[in-house]
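> got a structure for you, letters missing:
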């Protein structure tokens, strides 16, 4: 019988497995950078966002090489035991490659690297599960968007969405309006998906993308020094678990099973 020409459902989320050659190429690339640069930093990302990580990449493009992705592949490249390590001391970095962490190879002196990352903070919108950092109360009257300066009221066609997210609104002269104050969130309480969406709609940024340095490896001596950076809350570590790669990062990830920056 002839094959059916009926349309077939194809999942767009399907990702082909990496070949042995691609994985080997990635491992070689990590090892080549370990041979090239003076320092290797282990860093952890809080409130992961692809957009901000790409900003880090661009700003360090000429003075560093950053790897962020599959921890297992990076650990294999460095070597997880003293017998397997690519260069002396690297196994101490490899054993800590867990979670939202990455590697940065650079010749920039440590004090400058520490100062740069301590200063790099990018405000962003919270997601479901993040803990509210302050009380937000919407006053009675027109609901305002704070994306603009000065703030502007929501258009009339967004009133059904605001009501669906839990606000008791009505249209007054075509403007979505609250008849009474509404407590959107309370400090210290985890945000629901509805609360997170409302915060984004009104333009309230409640989290910060940050890169925290965890350890430093010195090529000349093989010494590994632990850094006393700030401790990330569990929700900051998990915030990027649903983050999908930006369009121009997809090829990089598919080629080497990791995001190479």
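Cool, the structure landed. Computed from a prediction, not measured in an experiment: that's the story for all the values here.
> residues in contact with whatever helix or strand residue 177 lives in?
Here residue 177, judged by DSSP states H and E, is contained in strand 175-178. With contact meaning C-beta atoms under 8 Å, 6 or more residues apart in numbering, strand 175-178 is reached by 138-143, 153-154, 156, 158-159, 162, 167-171. (C-beta placed from N, C-alpha, C; glycine too.)
> model confidence over stretch 134-144, on average?
Stretch 134-144 comes out with an average pLDDT of 95.
> and for it, what are the contacting residues?
In this structure, residues lying in contact with stretch 134-144 by C-beta under 8 Å, 6+ apart are 151-154, 162, 167, 169, 172, 175-187, 199, 202, 204, 206.
> Can you select the buried ones among those for me in PyMOL?
Burial among the contacts of stretch 134-144 is assessed by 16 or more other C-beta atoms under 10 Å; the matching PyMOL selection reads:
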select buried, resi 153+154+162+167+169+175+176+177+178+182+184+185+199+202+204+206
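> so of the contacts of stretch 134-144, which ones are in strands?
Assignment to strands by DSSP state E places the following of the contacts of stretch 134-144 there: 152, 153, 169, 172, 175, 176, 177, 178, 182, 183, 184, 185.
> Now flag whichever of the residues you listed is closest to residue 36.
Checking these against residue 36 with C-beta to C-beta, the nearest one is residue 185 at 47.2 Å.
> Beta-bridge partners for that closest one, please?
Taking DSSP bridges as the rule, residue 185 bridges to residue 136.
> wait, is residue 66 part of a strand?
Yes - read with DSSP: H, G, I helix; E, B strand; the rest coil, residue 66 is one of the residues of a strand.
> how far away is it from residue 182?
Separation of residue 66 from residue 182 (C-beta to C-beta, to the nearest Å): 43 Å.
> Residue 113 now?
For residue 113 relative to residue 182 (C-beta to C-beta), the value is 45 Å.
> Now do the SS call for the residue minimising distance to the centre of the chain.
Centroid-nearest residue in the chain: residue 48, 1.4 Å away (criterion: C-alpha atoms, centre = their mean). Following three-state DSSP, residue 48 is assigned to coil.
> That one contacts residue 101, correct?
No - with contact defined as C-beta atoms under 8 Å, residue 48 does not reach residue 101; the gap is 10.6 Å.
> ok now do the residue nearest to residue 35 when sequence neighbours are not counted, which residues does it touch?
Distance criterion C-beta to C-beta, 6 or more residues apart in numbering; nearest residue to residue 35, sequence neighbours excluded, is residue 87 at 7.4 Å. By C-beta under 8 Å, 6+ apart, the residues touching residue 87 are 34, 35, 219, 222.
> Please, which helix or strand holds the last one?
Per DSSP H and E: residue 222 is located in neither a helix nor a strand.
> If you tally nearby residues, what's the number for it?
Close neighbours of residue 222, defined as other C-beta atoms under 10 Å, add up to 13.
> before we move on, what about residue 110?
As a burial measure, residue 110 scores 16 neighbours (other C-beta under 10 Å).
> And it, how close does it get to residue 217?
Distance of residue 110 to residue 217, given as C-beta to C-beta: 11 Å.
> Then residue 232?
Distance check for residue 232 against residue 217: by C-beta to C-beta, it reads 21 Å.
> ditto for residue 54
In this view, residue 54 and residue 217 are 25 Å apart by C-beta to C-beta.
> which of the two has more neighbours?
Legend: neighbour count by other C-beta under 10 Å for residue 54 and residue 217, higher for residue 217 (25 against 16).
> Quick check: that one touching residue 93?
Yes - counting by C-beta under 8 Å, residue 217 touches residue 93, with 5.4 Å between them.
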